[in-house]
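>>> Sharing a model prediction with you, sequence too.
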Amino acid sequence: MLAAFIFISVFFTVAYAALLLIYVHSWRSMPAWQVPDDWEPSMKVSVIIPARNEVANIAACLRSIVAGTYPAYLLEVIVIDDFSDDGTAALVIQFSESLKLSEGRWPVIHLFSLAGCIRPGEIVLSHKKRAIEAGISCAGGELIVTTDADCVVPKDWLRLVASAFDASPAIKLLAAPVAFHRERNLLQRFQSLDFLGLMGITGSGIQLGWQRMGNGANLAYPKAVFEAAGGFAGNENRASGDDMFLIQKVATRWPGSIFFLKNTHATVLTEAKPDWRSFWQQRLRWGAKNAALPEWPVRLSLLTVFLFCWCILINGVLSILAAVGILNHHLLPVLFLFQVTVKALADYLFLREMCRFFNRTDLMRWFAPSFLLHTLYIPLAGTASLFFKKYEWKGRRVS
């Protein structure tokens with residue numbers, strides 16, 4: 001048994017290191033997108049923002065969008081209020097009215113209530129998906145761009161997105177970067193590092209052509225593509241996954257049509273979870289979604305990381321038992337040190353690459369504790385998501 005475990009551990013160690021090195025090479029080889037000098041916007045864009053109890057964030061989100069450089073006459077913003085009870089809708093109305101009273105040309109801001117979009121007797125299992133569908137059905141734009149109400153966007157965001165679609169008709173769906181900012185504690189800095197790594201995996205996987213991933217806080221696709229793909233039909237029973245399931249539906253219907261927008265000035269920013277409880281609930285939600293993804297390369301990559309981290313934890317326990325004489329196997333501590341060293345080096349090279357690109361090298365000061373947290377949380381949260389199918393999201397208990 002121990003010999004088999006050692007073989008499996010070495011296999012996953014090598015596989016993990018190879019996977020991260022491939023991601024680094026793919027990321028470096030992917031060209032960064034720049035708006036062509038002679039490009040002029042002509043595409044009508046609808047920004048869709050589902051919002052539930054976001055009174056603390058929605059004004060900053062809207063302010064960042066209207067301050068952008070995309071022409072106001074080609075832009076509309078659609079906010080769908082998802083049964084908020086904190087004044088979110090009133091604040092959107094107030095913000096919209098203030099624009100009308102100020103000088104200058106501003107994009108139109110529409111507010112719709114999700115309650116008014118649900119048919120009598122309709123059972124809604126995913127309010128966010130239903131809100132996005134409602135927003136898209138009302139959208140007048142040729143291009144749909146989604147973000148979240150707790151995000152802020154850079155000024156050239158929509159110019160970068162729209163110019164990419166104009167430059168390549170082959171693009172049916174464009175995934176773009178999302179990152180955390182305003183970290184205040186170790187947990188949030190760990191999440192920032194972890195999420196930059198996820199952006200590297202997202203972009204590299206799309207570049208390699210073997211993984212299609214993305215984040216709904218920064219996703220774009222033509223309205224016609226959403227409708228032709230059937231929207232979220234078939235995934236309504238899952239509260240989360242408005243981004244990943246749609247991406248993989250589009251990839252199945254139009255192979256080679258998913259692209260990643262590599263440009264720091266297209267990065268949408270949001271804040272990491274402030275405490276362990278909200279972080280745990282988020283990762284349970286992600287784990288439940290990832291296990292149901294149809295694309296096997298994505299699940300295989302996630303499984304490799306999951307099993308490798310479990311090997312490290314198990315070998316750590318076995319090494320302690322060997323050290324105190326309960327087990328008589330001198331290779332276990334050596335294997336444990338080998339695994340930890342390989343993971344640390346691979347993680348460091350990969351995250352350093354991502355931090356340099358996104359101008360967040362300050363986060364590498366927190367690499368050591370983040371490395372330990374990552375090694376622990378991956379197997380524990382991944383295992384928990386297989387057994388605990390209930391979590392809290394946006395004030396709702398989801399099963």
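Yep, that arrived.
>>> So residue 247 versus residue 301, what's the distance?
To residue 301, residue 247 is 15 Å away according to Cβ to Cβ, to the nearest Å. Where C-beta positions appear, they are placed from N, C-alpha and C, glycine not excepted.
>>> Between these two, tell me which one has more neighbours.
Using other Cβ atoms under 10 Å, the more surrounded residue of residue 247 and residue 301 is residue 247, with 29 against 20.
>>> Show me where this structure dips below the pLDDT cut-off.
Applying pLDDT under 70 to the chain picks out residues 236-241, 288-295, 389, 393, 399.
>>> quick one: the helices in it?
Secondary structure of the chain (DSSP state H): helices at 2-29, 58-66, 88-101, 114-117, 127-138, 157-167, 186-208, 223-228, 244-253, 276-290, 296-323, 331-357, 367-387.
>>> Pull out the CA atoms of the third one and give them to me as CSV.
Coordinates of each C-alpha in helix 88-101 appear next as CSV, following Å, rounded to 0.1, in the frame of the first residue of the first chain:
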residue,chain,number,x,y,z
THR,A,88,-30.7,49.3,-4.0
ALA,A,89,-33.4,50.2,-6.5
ALA,A,90,-34.0,53.6,-5.0
LEU,A,91,-30.3,54.4,-5.2
VAL,A,92,-30.2,53.3,-8.9
ILE,A,93,-33.1,55.6,-9.6
GLN,A,94,-31.4,58.5,-7.7
PHE,A,95,-28.2,58.0,-9.6
SER,A,96,-29.9,57.9,-13.0
GLU,A,97,-31.9,61.1,-12.2
SER,A,98,-28.7,62.9,-11.1
LEU,A,99,-27.2,62.1,-14.5
LYS,A,100,-30.1,63.6,-16.3
LEU,A,101,-29.8,66.9,-14.3
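>>> residues touching the residue lying closest to residue 153 once chain neighbours are set aside, list them.
Distances taken as Cβ to Cβ, 6 or more residues apart in numbering place residue 64 nearest to residue 153, at 4.8 Å, with adjacent residues excluded. By Cβ atoms under 8 Å, 6 or more residues apart in numbering, the contact list for residue 64 reads 152-155.
>>> hang on, the earlier thing: can I get the helices of the chain in a markdown table with distance to residue 73?
As requested, these are exported to a markdown table (distance: least, Cβ to Cβ, whole Å):
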| stretch | distance to residue 73 |
| --- | --- |
| helix 2-29 | 37 |
| helix 58-66 | 13 |
| helix 88-101 | 14 |
| helix 114-117 | 27 |
| helix 127-138 | 18 |
| helix 157-167 | 13 |
| helix 186-208 | 32 |
| helix 223-228 | 18 |
| helix 244-253 | 28 |
| helix 276-290 | 38 |
| helix 296-323 | 39 |
| helix 331-357 | 34 |
| helix 367-387 | 45 |
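>>> in stretch 329-347, what counts as buried?
For stretch 329-347, a neighbour-count test (16 or more other Cβ atoms under 10 Å) marks 329, 332-333, 335-336, 339-340, 342-343, 346-347 as buried.
>>> need those residues in TSV with distance to residue 309, can you?
What follows is the buried residues of stretch 329-347, written out as TSV (distance: Cβ to Cβ, whole Å):
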residue	distance to residue 309
329	21
332	17
333	18
335	15
336	13
339	10
340	11
342	12
343	8
346	12
347	11
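>>> ok so, going back, of the contacts of residue 64, buried ones?
152-154.
>>> Just give me the closest of the residues you listed to residue 26.
residue 154 (24.3 Å; Cβ to Cβ).
>>> Does the closest one touch residue 263 like I think?
No: contact criterion Cβ atoms under 8 Å: residue 154 and residue 263 do not qualify, at 9.4 Å.
>>> Quick check: chain neighbours aside, which residue is closest to residue 269?
Nearest non-adjacent residue to residue 269, counting by Cβ to Cβ, 6+ apart: residue 181, 4.6 Å away.
>>> So what's the residue count around the one you found?
With other Cβ under 10 Å as criterion, residue 181 counts 13.
>>> Now for it: which residues touch it?
Here residue 181 is in contact with 192, 269-271 (Cβ under 8 Å, 6+ apart).
>>> From the residues you listed, which land in strands?
The strands, defined by DSSP state E, take in 269-270 from the contacts of residue 181.
>>> I'd like the contacts of residue 181 laid out as a markdown table, including neighbour count and distance to residue 398.
As requested, the contacts of residue 181 are arranged in a markdown table below (neighbours: other Cβ atoms under 10 Å; distance: Cβ to Cβ, whole Å):
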| residue | neighbour count | distance to residue 398 |
| --- | --- | --- |
| 192 | 24 | 25 |
| 269 | 18 | 26 |
| 270 | 21 | 20 |
| 271 | 17 | 21 |
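>>> returning to that earlier point: measure the residue nearest to residue 153 to residue 268 for me?
For residue 64 relative to residue 268 (Cβ to Cβ), the value is 9 Å.
>>> overlap in contacts of those two?
152-154.
>>> with those in mind, which one is nearest to residue 275?
Within these, the smallest distance to residue 275 is 21.6 Å, found for residue 152 (Cβ to Cβ).
>>> I'd like to know how far that closest one sits from residue 191.
Taking Cβ to Cβ, one finds residue 152 at 17 Å from residue 191.
>>> Give me the most central residue, this structure.
Centroid-nearest residue in the chain, with Cα atoms, centre = their mean: residue 215, separated by 3.4 Å.
>>> How many residues are close by the residue lying closest to that residue once chain neighbours are set aside?
Nearest residue to residue 215 in three dimensions, chain neighbours excluded: residue 178, at 4.5 Å (Cβ to Cβ, 6+ apart). Residue 178: 25 surrounding residues under other Cβ under 10 Å.
>>> hmm, back to that, nearest to residue 123, of the contacts of residue 181?
Closest approach to residue 123 among those (Cβ to Cβ): residue 270, at 29.9 Å.
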